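**Q** Pasted the sequence and its predicted model underneath.
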Amino acid sequence: MTAPIAAADPLFLLGGHTADSPAATPLRDGDYLAALEAALAVPSIASALTLDTADFDATLTAIDSSVAASPALAEHLAASALLVYIQHNFTGPLADDAASRIPAALQPGTTPASLSADGEAVYHKSAFAGLLALALAVSAGYEANPRLAWWHARAQRVRQALLDNPAESVRTAALLALTAAEAGFAGFGEEDDESVRDLRAAWHVERALVWQAYGDDREAQAELERAVAKSGFAFEVSGLLGRRTKFQERSLTQLVVLAQSRDAAAAAPNDAAAQSGVSDVALNDDTLLDKPSLEGDTTRATQNLRVVDQCTLLGFLQHIKATNPADEITAEQMKPFVLRLLENPNNWTVHTVALLNRCRLEKAKSRTVERAVIQLQTLVDQIAKPHRDLDDEPASARLAWFFAVNCPSRWALEAELADALMSLGVVKSALEIYERLELWEKAVLCHMITERPDAAEKLLVRLLEAEPKAPKYLCLLGDVRGDISLYYDAWEASGNRFARAMRSLGHHYYKAGEYAKSVECYMNGLRINPLFQDAWFVCGCAALQTENWDAAVTAFSRCTGMDYENAEAWNNLATVYIKQARKPEAFTALQQGLKAKYDSWKMWTNLLYLAVDLGRLDDAMNAMTRVVEIRSASSGNGDAEAARLVRAGAVDTEILAMLVRAIMQLHAENPVPLRVERLAALVDLCTKAPLVGGEVWRIAAQFHTARGHPRAAIDAHVRAFRTVARDSYVDEHELANAVEALGDLFDAYQNLGDRTDPESGEPACADWAYQIKLAVRGVLGRARDFDGTAPHDKLGEMLEEIKELSR
């Protein structure tokens, strides 16, 4: 039986085997290159490396077979190969003699094809890519070996960093491996020693990072919350008085993260933990402080945290960024997390990632952009050093918590520096970085942004001369030239596997209005790699245009599965369900969409119509309430006329009348007082809507009459009459409307005036005859110019009738 997972050191998972693997000791000593050499020197592996074959995959297969009988050797070979790869591509420091110490058989001339996934291109300039392929191959047989399973999940995460886009097969492999790794916890209780708690928390954090990498934010948040529970970590976002500037006279409330690790003594700062070895560039601004100067009890805002808890905080920081719009409010939400992490530089990797997040926040502001760029350059330099200085952190310290944070690769970090330079207009320096890293897509974009399409085309033509069948370069050239035949060439050159070509064709055909072709192309690309929410959405819209309901359901369902808060996708999915006569499913889809877009009156209107159609009266009342509230408060995005039109249509009188009739009829047959109270609130809200018309008041009168409230009914009729009454009438139509409303008021006075009102116990309107006489005479006096017309004659008849009733 394979030993359970142990947490004997910061890297985890390296405990359990010491005697039966020569790589165990150097692994624990942090000399990963020596550990790799020791593992590769095992006779069975050494013989596999000397096979006379030019097939790198065959070499991997031979090595995998040679370690199958030794779980410890497999674990330590996979771990050491992966750690050496990470050291030379993510964290540094670089080993000068690595190329001579790694066997030539593990240094293929090109990036191993096995690293590609779902038709996504692999970054081809990473160092020692064969080691990553080796780690993946050796750890793939992790059945019944939870430690090896965890290393496989980690290798899959690193593999994703090499791909141009997220790949579903990589996500699936990482999650399955982490699930298998969880079996190693079976021997531990809930209240074991601190290292075991860290191990459990780290597993949840790593699982959260996998979810985050693919946009599965709900699952990521749940894992982070489990990590908090396992480690006993406690934190909250709160406020403390403080000052941000050097000359600020009055302290203001500052947003802070108050945090405390489970074991405060274990988290206490010491000389070894006080420095992470990462250079923190000072702001040196004449006004702004480096960080807010806080007042009061700042213990929980500054006390040291255990590293596993800092990793968890980094996960929550990423969650805030992923689930909020990229604006100033989100930046202010993220800032206290970054400051709290920078307060305690305990670990090289954690501190590096925290500084990187600070750079991302500061490069958008004029006062801090200079520090952001200098700090980015510093972070790049500390990785790219050709050797380690005496005062630098060793590889073991840099890698200790690497897998519990989202640390970018060296080329990704340099590309981010180039992006920052581009935003500052330093185009030449940015382009030099892109070309040195051979990030050709960014280099082409750089040329296009600077309006040099000829330079972009020349670059791509030169690349294609060296690699005539490179699908990625063919697609980029298609983008530059607008030539869709190049997308087809890329598709064929890749053996129908380069999904980007089909996505580009789908986009082209959608813009051209050729929706059937667009759906076909998108589907071809998304079958290979389905992790493209925007592509699914456009594909669904194209399917809607062609009335391909099944394809539309598939597309929008994938959108909502990837982002549960994609309100537009939920709304479109509901539209398709309605077309398929699946109204209950449409109703559910709209409900889900409104959770994400609660203030969309258009979506609430759709839900209202569906609720009425399905006879869901309570849901209909709720939906109509939201429609009226939202439309009544509309500002029209600054457009006064647009705002007026939206507010004017706040109340759908046809639906309101339908609800009043249906609910009051049901109430008469089977009384439901609470429902009637809700209807009363809705009717009252509708009468208070801006630009409300007489029809709303007439419906209100009908409701109050059916409810047995005569005084309220008469008041509503009076309001209805006032909406059409004029000081002077310009045409017969205006007068006719006023006479009609006056007739309704007359009938209401006759039928309801003498009734006892339940609220006051008195007649609803004891002098109703006098009131209606005044109203009729008032209209007659303003309608002298219409003597002889039908409305004027009707007024005379009403006046005579009133006189008869008064005798």
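**A** Cool, the structure landed. Residues are numbered from 1 along each chain as shown.
**Q** In this protein, what residue spans correspond to strands?
**A** Here the chain has its strands, by DSSP state E, at 234-245, 252-260, 288-294.
**Q** Format the CA atom coordinates belonging to the last one as PDB.
**A** This file holds the C-alpha atoms of strand 288-294, laid out as PDB (Å, rounded to 0.1, in the frame of the first residue of the first chain):
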ATOM      1  CA  LEU A 288       1.200  60.300  -1.000                       C
ATOM      2  CA  LEU A 289       2.400  58.000   1.800                       C
ATOM      3  CA  ASP A 290       3.700  54.600   0.900                       C
ATOM      4  CA  LYS A 291       0.700  53.100   2.800                       C
ATOM      5  CA  PRO A 292      -2.000  54.600   4.900                       C
ATOM      6  CA  SER A 293      -0.900  55.700   8.400                       C
ATOM      7  CA  LEU A 294      -3.500  54.000  10.700                       C
END
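**Q** Can you give the contact residues for that strand?
**A** Strand 288-294 is contacted from outside by 240-246, 254, 256, 282-283, 301-302, 339, 342, 367-368, using CB atoms under 8 Å, 6 or more residues apart in numbering. Using the backbone N, CA and C atoms, a C-beta is placed for each residue, glycine as well.
**Q** Recalculate using a threshold of 6 Å.
**A** 240, 242-245, 254, 283, 339, 367 (CB atoms under 6 Å, 6 or more residues apart in numbering).
**Q** Can you tell me how far Val427 is from Ala183?
**A** 53 Å (CB to CB, to the nearest Å).
**Q** same thing with Ala611?
**A** 48 Å.
**Q** The two: which has the busier surroundings?
**A** Counted by other CB atoms under 10 Å, Ala611 and Ala183 do not tie: Ala611 has more neighbours, with 24 against 15.
**Q** which residue packs closest to the spatially most central residue of the chain, ignoring adjacent ones?
**A** Nearest residue to the geometric centre of the chain (CA atoms, centre = their mean): Thr323, 4.0 Å. In this structure, Thr323 finds its nearest non-sequential neighbour in Asp217, 5.2 Å apart by CB to CB, 6 or more residues apart in numbering.
**Q** Same check on Glu295?
**A** Leu241 (4.5 Å).
**Q** Which residues does that neighbour form beta bridges with?
**A** Thr253 (DSSP bridges).
**Q** From Thr705, how far off is it?
**A** From Leu241 to Thr705 the distance is 60 Å (CB to CB).
**Q** do the same with Glu629
**A** According to CB to CB, Glu629 stands 26 Å off from Thr705.
**Q** out of the two, which sits in the more crowded spot?
**A** In this view Glu629 and Thr705 are compared by other CB under 10 Å, and Thr705 has more residues nearby, 20 against 15.
**Q** Now do the contacts for that one.
**A** Per CB under 6 Å, 6+ apart, neighbours of Thr705: Ala713.
**Q** do the one 3 residues further on as well
**A** The neighbours of Gly708, taking CB under 6 Å, 6+ apart as the test, come to nothing; the list is empty.
**Q** repeat for Met523
**A** Under the criterion of CB under 6 Å, 6+ apart, Met523 has no neighbours.
**Q** what ranges of the stretch 351-500 of the chain fall below the confidence cut-off?
**A** 385-391 (pLDDT under 70).
**Q** ok, 80 please
**A** Filtered on pLDDT under 80, the stretch 351-500 of the chain yields the residue ranges 384-393.
**Q** Model confidence score at the residue nearest to the centre of the chain, please.
**A** pLDDT for Thr323: 90.
**Q** Please, where are all the helices along the stretch 51-200 of the chain?
**A** Using DSSP state H, counting those that start in this stretch, the helices assigned to the stretch 51-200 of the chain run over residues 56-67, 71-86, 98-101, 129-139, 146-162, 168-182, 194-213.
**Q** ugh, typo on my part, it should be the stretch 501-650 of the chain
**A** 515-528, 533-545, 549-562, 567-579, 583-596, 601-613, 617-632, 640-648.
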